[in-house]
Every structure is written in structure tokens, then in C-alpha cells.
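A.B. asks: Give me coordinates for this.
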Amino acid sequence: MANRKSRFDTTEIFAGLDKLQAKKEPVARAMGSAMAGAVRDEAKVRVPVGTDFGGSLNPGTLRDAIYQAYDARRNVLNNNTYRYVVSWNHNKAPHGHLIEFGHWMPYIYATDGQGHYWTPKPEVGQAIPFWVAAEPFLGPAFDSKLPSLMGVGISAARAKFTEIG
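C.D. replies: Numbering: from 1, shown residues only. The predicted model follows:
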């Protein structure tokens, strides 16, 4: 048995790893954005829109206020974290949390079909205040997309890798 010493040059390996390190952030950001976009789109489908006479003065306001955004604050302490947030703009739809989580209604109301609301006198035995059930849309949107999110992220990573070479 011969004792053979071999040498090989590792500079190419380390150069390839350096190239991969430079591509880490754009690929991770593309993956996160694609996954957040899938959840955002599902939330827009699931959110209750309301009607003119069903309790909403501007139907679709909450649906149109749903967005995704990159949370750069998480990247400050850990530069390997790329987090995207899916939420709704609270200035455009300030009462979205009431639909997502439910709420107590302190009074009953009625409408005449013309868009005019008033608070009628409660009937005997009618409980006031009463609980208005939640119609969650963000949580169920995430839950329904969770099994496919990894595939969405991988396809976005493949596209980004081919784009940046």
C-alpha cells in the first residue's frame, strides 16, 4: 500500500462560497416576499367585504388596506433574519381588529334600508351589551397557505438565483 499525499487548491471552493454569501440576502428577501405575498392574497380573499346596508359605509375598505411589508427592525439585531409582515393599514381601516378578533357591542342598532342607522329601545329580555363574533381572516389565511409556503419560497429562490446568476 502506497502512502500518497495529495494537495488540492481550496481557493476556488472559498471563492464559490463567497459568491454564495453575496447572494444570500437577495434570495432570502425574494423568498420572504413571495411567501408573504401568498398569505396577503389569501387574506384578501377571506376578509369579509360588507355591503352598503350590511354594516359598512365603504365596502371593501379593509380588503384594500391589507398589505405586506419588510420588517427591517428584525434585521438590525440579527442580520440573518429577513421578516415580512402581513397586516392591514390601521389608518385606512381602523376597526379591522373588531372583525378579526370580535368585540362587545354596547348597544343594538337598526337601519331603514336607506343607510340611516339608529339605536332602538331594547326589547324585554334582550341582552345588552352582546358579543359580536369574530370573522378572522389573517390567521386562517396563514394556516391555509402554510403547507404550500415552502414551495412558494423555493420557486422564488430559483427564479432569483437565475436572475442574479
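
A.B. asks: which residues in this protein form helices?
C.D. replies: All helices of the chain, identified by DSSP state H, fall at 11-46, 61-65, 73-77, 96-101, 138-164.

A.B. asks: Just name the most buried of those.
C.D. replies: Of all those, helix 61-65 carries the top mean neighbour count, a mean of 19, counting by mean count of other Cβ atoms under 10 Å. Glycine gets a C-beta too; all of them are placed from N, C-alpha and C.

A.B. asks: elements contacting that helix?
C.D. replies: With contacts taken as 3 or more Cβ pairs under 8 Å, 6 or more residues apart in numbering; DSSP states H and E, helix 61-65 sits against helix 96-101.

A.B. asks: Please compute how far the helix it packs on lies from its chain's middle.
C.D. replies: 15 Å (Cα atoms, centre = their mean, to the nearest Å).

A.B. asks: what pLDDT, on average, does it get?
C.D. replies: What helix 96-101 shows for mean pLDDT is 90.

A.B. asks: As CSV, could you dump the C-alpha coordinates of that helix?
C.D. replies: Presented in CSV, the C-alpha positions along helix 96-101 are these (Å, rounded to 0.1, in the frame of the first residue of the first chain):
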residue,chain,number,x,y,z
GLY,A,96,-60.3,45.9,11.3
HIS,A,97,-59.3,44.4,14.7
LEU,A,98,-63.0,44.2,15.6
ILE,A,99,-63.7,41.9,12.6
GLU,A,100,-60.5,39.8,13.1
PHE,A,101,-60.9,39.3,16.9
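
A.B. asks: And the contacts of it?
C.D. replies: Contact with helix 96-101 is made by 47-48, 62, 65, 88, 90, 132, 134-139, as judged by Cβ atoms under 8 Å, 6 or more residues apart in numbering.

A.B. asks: one step back: out of the helices of the chain, nearest to residue 120?
C.D. replies: Among these, helix 96-101 comes nearest to residue 120, with 21.4 Å by Cβ to Cβ.
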